[in-house]
Structure formats: structure tokens, C-alpha cells
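Engineer: Need a 3D model of the following:
(2 chains)
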2 protein chains.
Amino acid sequence: MKIAVLGGDGFVGWPTSLHLSNEGHDIHILDNLSRRWIDTELGVQSLTPMDSIQERTRIWYQETGRRIHFHLIDLARDYDLLKGWLASERPDAIIHFAEQRAAPYSMKSDRHKNYTVNNNVSATHNLLNAMVETGLDAHLVHLGTMGVYGYSTVGAAIPEGYLPVGIDTMAGETVKQEILYPANPGSIYHMTKCLDQLLFQFYAKNDGVRITDLHQGIVWGTHTDQTRRHVQLVNRFDYDGDYGTVLNRFLIQAAIGYPLTVHGTGGQTRAFIHIQDSVRCIEIALKNAPRRGERVKIFNQMTETHRVRDLAELVAKIAGAKVAYLPNPRKEAAENELVVQNEQFMALGLDPIRLAEGLLSEVVDVAKKYAYRVDRSRIPAVSAWTRDIAPTLDRDPEGKALKSVS
Amino acid sequence: MKIAVLGGDGFVGWPTSLHLSNEGHDIHILDNLSRRWIDTELGVQSLTPMDSIQERTRIWYQETGRRIHFHLIDLARDYDLLKGWLASERPDAIIHFAEQRAAPYSMKSDRHKNYTVNNNVSATHNLLNAMVETGLDAHLVHLGTMGVYGYSTVGAAIPEGYLPVGIDTMAGETVKQEILYPANPGSIYHMTKCLDQLLFQFYAKNDGVRITDLHQGIVWGTHTDQTRRHVQLVNRFDYDGDYGTVLNRFLIQAAIGYPLTVHGTGGQTRAFIHIQDSVRCIEIALKNAPRRGERVKIFNQMTETHRVRDLAELVAKIAGAKVAYLPNPRKEAAENELVVQNEQFMALGLDPIRLAEGLLSEVVDVAKKYAYRVDRSRIPAVSAWTRDIAPTLDRDPEGKALKSVS
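Structural biologist: As a prediction, this is how the structure comes out:
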């Protein structure tokens, strides 16, 4: 298949591109490289030394003889360029990662809120619009988030996208219907993924666009079978307060002897998936496209759930570190249960890598190996969810006064 | 109260501004005048001769001694200007009409789809973002649409925004919850109003913004008590295939001896409200603001429902015209039932103007009076909902070949 990977230079986009190229597909990365510009803005960098996209694809060709093509296109701003590219290249499938994907970054300031909304909505809508306009019947696979559900479950397991409900009619009966799970986003970033869902629903219904939406948990792990093939193919690893996910941050904190920073009580339960499983899921989704006219197909792309404080204790035990409890910059429930259905991917053959197996390798092969590159000043989370919360984030876990870098 | 009316130069915005000025409020219209630019783009004009906003406000002052202030600000593009204005003027309430509001226009071409999504999402989000950033605790009243519900009701009356459902838990119980009514938009325009709903929900929850969302039916009628006070205060009246609502189009078709164009079977049932009631509803909503921290307050702003073909027959009978059945440019159900709850406004004192009473005056005082200004070539509806539908719209009801003017 000819596959366009939008955002193929990013954390999940890059290993996905390698994995699918390795499977023999013709891969075209479209990316505006915004994630690299945001590194520059924030003054942070990947823990793992990361080459340019041009250099990475050169190395991949040298190692495998396979070409990955790169096109510098800004999905949100270059509608005509995108439309022209789709019209001439006519990919069989499109994988859409091309959105600003950090919740803390999206809450950093009014400018960051606007950027995230405008960028993400325009990117997704431009793509759908251009697909219809060019009459392109490609399968669109989108990377969404478990965060569209929110994290309160009223005692029912979170289904895969659609919730069966009973509605009382005027005739006094109860009609059963499946509805898109009610959106309950916890940040501007998560909200944009809820907006995406409505865009997908409309274009599937009105124009018959074939769409799969993957509601992904928090991705952990760094290497996949392909990124391991050469040091210059390495994946990015973020540990800063905006882009570092909770597990990466614990790993790096442990590696440099910084306290593991748990925000609030650590009772937040979240869903997780290893990067290697994430790329496998995308491959499985590609092989199981919806039919034209079918509703949007939704998978929960996660393999296990953990409480944040349990994760912290686990990493602390493996790596010998302390845990520090800090004020929570987010407006969220202190404690939540989380039960998630993920039967579809399991039935289609996913055999997950469990956290308990893979964690030690992350500590040794990634966190400790590259610990010399860590900038301690970038570790605190300083993006506050509301104006009331901001003043509470004034100290780092070592007791030093903090200043927002927004 | 100091009230900002965003989009105060438009069809509902203008009589709202007059009505609230008449009640003694200090009115500030913020508008980018985009509706006038779109008239220019489409080569259409209001049936009623309409003066500039500057001239209209001058006449209002001359007639009443009351000032209505006008500020040329583009909500979607001038974030910093908007923020500065809110920070210095600090209105008590903000009424938000400032969105592209025609479904056919939103489906005209890929350019119009992008414009509608980008303009409407950015306008609403910029406003919410700027309110939070300036710490402004104004009551935000937004003009939404009944179209967010879609028009299939599974036998239950459409509630005012929130649907009670039963959810089966893992423990085998059924939990009752009220959820935002599942979005089922029929056009890109309607979809943007569904996106707005999620933006409102998030900002009410995260930042405590006080928001009222009015899900308005199709507005009919031209004059209000204030627009009648001077010929130069007249409201706009659209009859073209994009901006003309169904009743206005029937009225004008009848006035010039053109067949009344019913698309499809005319079995579509829609909700209606008179323009005078619309401005009264907005006044009522202003007086009944939600408390800080309360969920978004939603009213169904409509007073009666009618089938399109019944409306056509009614106008045909009053005005002596024929009805022509044409292919439907929209992708929608041929026939639908529609039962809508509107108890909140009725309980707060709304005494509606009924279609059966007000229709004759529209025929005589508006449609026949200004019939000499009608451009027959602008009457056909040519914006198709899908690529498959477009070729079916090739004849006008007089049998002449049509060409899309998109």
C-alpha cells in the first residue's frame, strides 16, 4: 500500500513509519516539523540524540534499502498544497498524527490555547475536506486519545467509542441506542480530539469517508524493533514538564537522583500502552478498515491501567529513588477508577508488552544511558490549568523557587 | 448593563441591539461586517434596502437619543484586539452571533467549508480564551441552532440541551445520567455549532465561565417594534438560495409569481420562531444567567414546528401561488417527526407570535412591497451537500438550465 503518515516525524509517527516501511509499504511522511520548533521554543530537547528527518530517512535507506519519502507540508496552513499532493499521489491509506499533542503545552497561555485549537481543528478538517474534494477513497486512521472519555466512568467499563444507553420515549418505552461516548475532555488538547470526533462523524455520514479513530492511552517505552537497528534511528524521548509523559518523567527523575514528582494524591488512574504495541495496533487497524458508509470505527488502543502513585512506587523500587508529592497543576479528580474495554485489538491478535516486563530495560537502556543529557531545570511542570492554580506551583521538589517559562 | 453584541450588524444581531438599547442598556456592537462581504461575493443583496451600520446607528440616535457604539473587530482573526477591548471595556454580558450562519453557504465548495469551520471555531474559542485571560466574569449568551440535535428523535421529545439516559453498570444496575444531547449535525455549518457546544462545556467546567446557549429554530419575520420606527432601521431580508430561510424564500417566490420551491418531498419538519420573539428570548436569557460553576444553560428557542410542504401550501393559499417539487440538494431524511420541549422560555413569560397570525403581514408589508428588487436568478438553491447530489440540481423550477455560481 501507499501510505501517507501525517506527523511522521513525531514520537509515534516515526516508529510507525519505520514499522510499515519494514512491512513493505510505500511510506510518505508529511510533516511541518512543528514538534522540533516547539523544542526550540521551550528550550528543551529529546533525551535521545535525534537527527533531522532527512538524515533519519537516509540511514533507514542505508540499513534496509527502503525509501521513506519526506514532504514538508503544513496540514493546518497549506490546504492547497495538501489537496494537490493527495490528488497526484492518491495514497491508499492516511495515518493522521499531525496535531499538537501535549495537554500541559495546550494550557500554557492563551496563545498556546489558540495555537492548539486552530492547528488541530484546521489540520483535521483540511484533511477531510481535501479527501472529499479530490474524491480520494483512502482509509483514514487517526490517533486520538483515551482522554476524550474523561476519567469518570459511573461504574460502567469504558466501551470502544460507543456507549449503549436507554432513552425513555413519549410512548413510555425505553429505546436502546448506541451513542458516541459523551465527551468529557480535561484540557484544551483533549478537547481538540473531541472536536475531531465530530468532524469524523460528519464526514463519515455525509461523504462516506472511511475512518478509524484510535483512542490511545499514554505511550511508554522508547525503542521498537526498527528504531533499534541503528543509533541514528532512535526515537525521541521527552521528559520535560510539558511533553514528558508521566512514566518517562519518573524514569529520568530516578536516573538522575531527582525525586519522582507525583502531582496531587497520585490517585489518578490512567491507561498505558508500549510504543511497540502502538505501532502494531496501527498496522492491525490498517488491515481492518471500515466499509464505505459504515460509521467511524473506534478502538481503545491501550493494554493496562495503573494509578500514578503505584507507577511511582514501582519505578522508585527498581531504580532506588524517592517519591515527592506536589500540588497538582491540573483541574481533575484526585482519585478515579478506570476500567477500559480493549477486546477488539486483543481479538485481532495483539499480544501486549507488559509494564512489569519492559520497565527495567527503559531504566538501563534509555534513562541511565542518556542521563548526562538531562537539564534539571526543565523537569518541573509549570503549565497551570486555571488562573487559581498557577500561584500554587511555586516550588520544585528540591525546594527551589520556580518561575513559569511560558 | 453594558452589553457587547458580537455580530450585531446581522439579521438577529441588529434587532437584538435595538431592542436592548431601547430597554436602556449600553450597547456595543463588535462586527467584522463579513455578512456584507458575502453579499458582495455572491452578488446578492437584502430584499429590504439596508444602510451601513454607521448610518443605522446614526438614525437610531436621531430617533431615540440612544447611542449604539460600533467597533470593527474580526473575532476570528483579531484576538489581541478583542482581548484589549474586553480588558478595557469589561462588559457585563456578551451576546455572540458572530459566526457564518448559512448551511448551504457552508457546503458550497471546499473553500467555503474551510472558511466556515475556521471562522466559527476561532471566533468562539478566541472569545472564551480572551474572557478567561482578562478575568472577565461576563455572562456569555450564544446563538446556537436546533440543528445540533439533528432531526431524528427516536420517539422522545427533544429536551433542552440535556438528554436523560440510562447506563448499565458492571454491577448490573442502571444509572440515570443527563448528557449533552448527542450531536447529529446535517451540514458543516451545523457541525460548527456542535463544536461550539464542546468549547462551552469545557470553559464552563474548567474556568467557571457563565454561558447560556440558545438552540434557535428557523427565524421568520422581518420587523420588530424597533426596526419599524424608521425606514432606515429596517432589518435585512435574505431570499437567495444560500442565506434565504425556507419561509422567506416562499414569501418572495409567491410575491413575484415564481413557483414555491420545495426540495424533496417537503416532509422535513422544522422548528420556527418569529424575529420579535427571538429578541425577547435573548432579553429573557440575559435576565436568567447561570451561576458561576453551573453547567452551560441551554434553551430551545423556538415556538412551533411545521412541515415544509405545509408551509408551502399555506403561503400558496394566502398569496395565490403554485408549489414545485425539486430534487433535494441536502443529504437528509425525506420525512421526519419533530417534537421539541421549550418549557423554559414559556415559563419565563414568552407569549409567542404564531405563524398563522403574522404571515399575511409578511406577504403584504415586506414581500410584495419590495418585490421590485428581486433578482430571480438568485432564487435557485445550488449548493449541493455531496458530489453525487450536485449533478441533479441542473434545472430551475421554470425549466431553465442552471449553473452553480459557487
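
Engineer: What residues does the closest residue to residue A:174 other than its chain neighbours make contact with?
Structural biologist: In this structure, residue A:174 finds its nearest non-sequential neighbour in residue A:166, 4.4 Å apart by CB to CB, 6 or more residues apart in numbering or on different chains. The C-beta positions use only the backbone N, C-alpha and C, and glycine is treated the same way. Each residue near residue A:166 by CB atoms under 8 Å, 6 or more residues apart in numbering or on different chains is listed here: A:174, A:175, A:176, B:165, B:166, B:167, B:168, B:174.

Engineer: The last one and residue A:176 touch, don't they?
Structural biologist: No. Taking contact to mean CB atoms under 8 Å, the distance of 11.3 Å between residue B:174 and residue A:176 leaves them out of contact.

Engineer: If you count neighbours, what's buried in the worst-scoring helix or strand of chain A on mean pLDDT?
Structural biologist: Sorted by mean pLDDT, DSSP states H and E, the helices and strands of chain A end with helix A:355-361, the least confident at a mean of 88. Burial within helix A:355-361, assessed by neighbour count using 16 or more other CB atoms under 10 Å in any protein chain shown, is assigned to A:355, A:358, A:359.

Engineer: Please list which of those also come close to chain B.
Structural biologist: Contacts with chain B within the buried residues of helix A:355-361, as defined by CB under 8 Å from any CB of the partner chain: none are present.

Engineer: Which of these sits closest to chain B?
Structural biologist: Taking CB to the nearest CB as the measure, chain B sits nearest to residue A:355 out of these, at 23.6 Å.

Engineer: residue contacts, the spatially closest residue to residue A:143 that is not a sequence neighbour?
Structural biologist: Ranked by CB to CB, 6+ apart and with sequence neighbours excluded, the top spatial neighbour of residue A:143 is residue A:97, at 5.1 Å. Listed by CB under 8 Å, 6+ apart, the contact partners of residue A:97 are A:5, A:6, A:7, A:8, A:10, A:12, A:13, A:16, A:143.

Engineer: picking that back up, of the contacts of residue A:166 - the most surrounded one?
Structural biologist: With neighbours defined as other CB atoms under 10 Å in any protein chain shown, the most crowded of the contacts of residue A:166 is residue B:165; it has 23 neighbours.

Engineer: could you check the angle strand A:162-168 makes with the helix or strand harbouring it?
Structural biologist: Secondary structure from DSSP states H and E places residue B:165 in strand B:162-168. If you take axes from the mean of the first three to the mean of the last three CA atoms, to 10 degrees, strand B:162-168 sits at 110 degrees to strand A:162-168.

Engineer: which residues does residue A:379 contact?
Structural biologist: With contact set as CB under 8 Å, 6+ apart, residue A:379 has these partners: A:239, A:240, A:241, A:244, A:249, A:252, A:253, A:258, A:261, A:396.

Engineer: Quick check: residue A:295 is in a helix.
Structural biologist: No. Using DSSP: H, G, I helix; E, B strand; the rest coil, the secondary structure at residue A:295 is coil, not a helix.

Engineer: Compute the number of surrounding residues for it.
Structural biologist: Every residue meeting other CB under 10 Å relative to residue A:295 is counted, giving 15.

Engineer: What sits closest to it if chain neighbours are left out?
Structural biologist: In space, residue A:295 is closest to residue A:204, 6.1 Å off (CB to CB, 6+ apart).

Engineer: okay, the angle between whichever strand or helix holds the one you found and helix B:188-207?
Structural biologist: Taking DSSP H and E as the criterion, the element that holds residue A:204 is helix A:188-207. Between the axis of helix A:188-207 and that of helix B:188-207 there is an angle of 160 degrees, by the same axes, to 10 degrees.

Engineer: residues making contact with whichever helix or strand comes after helix A:188-207?
Structural biologist: Once the chain leaves helix A:188-207, the next helix or strand it forms, by DSSP H and E, is strand A:210-216. Counting contacts by CB under 8 Å, 6+ apart, the residues outside strand A:210-216 that touch it are A:12, A:137-146, A:148-149, A:160-161, A:196-197, A:200, A:203-204, A:273, A:278, A:281-282, A:285, A:288-292, A:294, A:296-302.

Engineer: again, but for stretch A:333-348
Structural biologist: When contacts are defined by CB under 8 Å, 6+ apart, stretch A:333-348 is touched by residues A:146, A:151-153, A:157-160, A:217, A:264-265, A:267-271, A:281, A:284, A:288, A:299-303, A:305, A:328, B:170.

Engineer: Can you tell me which of those residues are buried?
Structural biologist: Listed as buried from the contacts of stretch A:333-348 are A:146, A:151, A:153, A:158-160, A:217, A:264, A:268-271, A:281, A:284, A:299-303, A:328; burial here means 16+ other CB under 10 Å.
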